[in-house]
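Asker: just to be clear, the model below is a prediction. Sequence and coordinates:
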Amino acid sequence: MKLFGSYTSPYVRHCRIVLARNGQDCRFVETDYEQSAELSPARRVPFLYDDKLMLTDSASILRYLREKAGQPFFPDIRDYDLFLLVNTAMDSTVNLFLLEKDGITPADCGYLVRQKGRVEDTLAYLDRHLGSGDVPMDSASDGMIRLGCFLSWALFRKRISLKDHPALADFQRQFESDPQIAATHPSNAG
Ligand SMILES: N[C@@H](CCC(=O)N[C@@H](CS)C(=O)NCC(=O)O)C(=O)O
């Protein structure tokens, strides 16, 4: 298997964590925007090749890795919804980040105000629900791994503050205290 991606991408990081935890053999190919535009129709990372199979999204890659390892993929509907909710907030945050690099901010575009609000509401919602039993707390679940990858990336890029979200801050610290996970932190570029 060959996984194409960057060391900073939170979507790629999730795949790298599962690969490391499962001890699965996979070559990592560092890929920039130009290469991803040449090699994947989605023009995004991650993508994965295994012989003739090509997968273009972290969700299908994760399912493939889990199935290869004989592990269930989202057996709990609440964990699946957590994964999707975090993904929605993460897509919005990445979008705001990339647009800001091109000089476009919520001050220029009403839709970006909505995107920003989506991220803020999701963080507030997750902070309230984390630990209340509404959100499953299995730190090895794909919903929780995605949440950890999102929070750490957004903090690393200074996109969010967890000052008013103590439950999320605790979770993020706990997530990064696992040495195997910490080794994939976006600041460890290679
Ligand atoms: N749904 C995709 C999202 C991947 C994604 O947004 N990757 C970012 C890097 S963090 C990217 O390659 N962005 C380049 C672009 O949007 O052109 C997945 O889960 O794999």
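Answerer: Done, it's in.
Asker: what ranges do the helices span in this structure?
Answerer: When assigned using DSSP state H, the helices of the chain occupy the ranges 10-22, 33-39, 58-68, 77-101, 110-129, 142-156, 166-176, 179-182.
Asker: how about those helices in a markdown table, adding mean pLDDT, mean neighbour count and distance to Asp50?
Answerer: Every C-beta, even on glycine, is put in place using the N, C-alpha and C of the backbone. What follows is those, written out as a markdown table (pLDDT from 0 to 100; neighbours: other CB atoms under 10 Å; distance: least, CB to CB, whole Å):
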| stretch | mean pLDDT | mean neighbour count | distance to Asp50 |
| --- | --- | --- | --- |
| helix 10-22 | 98 | 22 | 12 |
| helix 33-39 | 95 | 13 | 15 |
| helix 58-68 | 98 | 19 | 7 |
| helix 77-101 | 96 | 17 | 22 |
| helix 110-129 | 96 | 15 | 33 |
| helix 142-156 | 98 | 23 | 19 |
| helix 166-176 | 95 | 16 | 28 |
| helix 179-182 | 96 | 13 | 23 |
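Asker: closest one to Lys52 among these?
Answerer: helix 58-68 (13.4 Å; CB to CB).
Asker: touching the ligand at all, the closest one?
Answerer: Yes. Applying CB under 6 Å from any ligand atom, one finds helix 58-68 touching the ligand at Ser58, Ala59.
Asker: so what does that helix touch, helix or strand wise?
Answerer: Helix 58-68 makes packing contacts with helix 10-22, strand 47-50, strand 53-55 when contacts are defined by 3 or more CB pairs under 8 Å, 6 or more residues apart in numbering; DSSP states H and E.
Asker: who touches Ala37 in this structure?
Answerer: Contacts here follow CB atoms under 8 Å, 6 or more residues apart in numbering; on that basis Ala37 touches Arg43.
Asker: can you tell me how far it is from the ligand?
Answerer: Counting by CB to the nearest ligand atom, to the nearest Å, the separation of Ala37 from the ligand is 8 Å.
Asker: next: Val29.
Answerer: According to CB to the nearest ligand atom, Val29 and the ligand sit 14 Å apart.
Asker: does that residue touch Lys2 like I think?
Answerer: Yes. When contacts are counted by CB atoms under 8 Å, Val29 is listed as touching Lys2 (5.6 Å).
Asker: more crowded one of the two?
Answerer: Val29 (16 against 13; other CB atoms under 10 Å).
Asker: ok, back up a step: could I get the helices of the chain as CSV with distance to Asn188?
Answerer: Below are the helices of the chain laid out as CSV (distance: least, CB to CB, whole Å):
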stretch, distance to Asn188
helix 10-22, 10
helix 33-39, 21
helix 58-68, 19
helix 77-101, 20
helix 110-129, 25
helix 142-156, 11
helix 166-176, 11
helix 179-182, 8
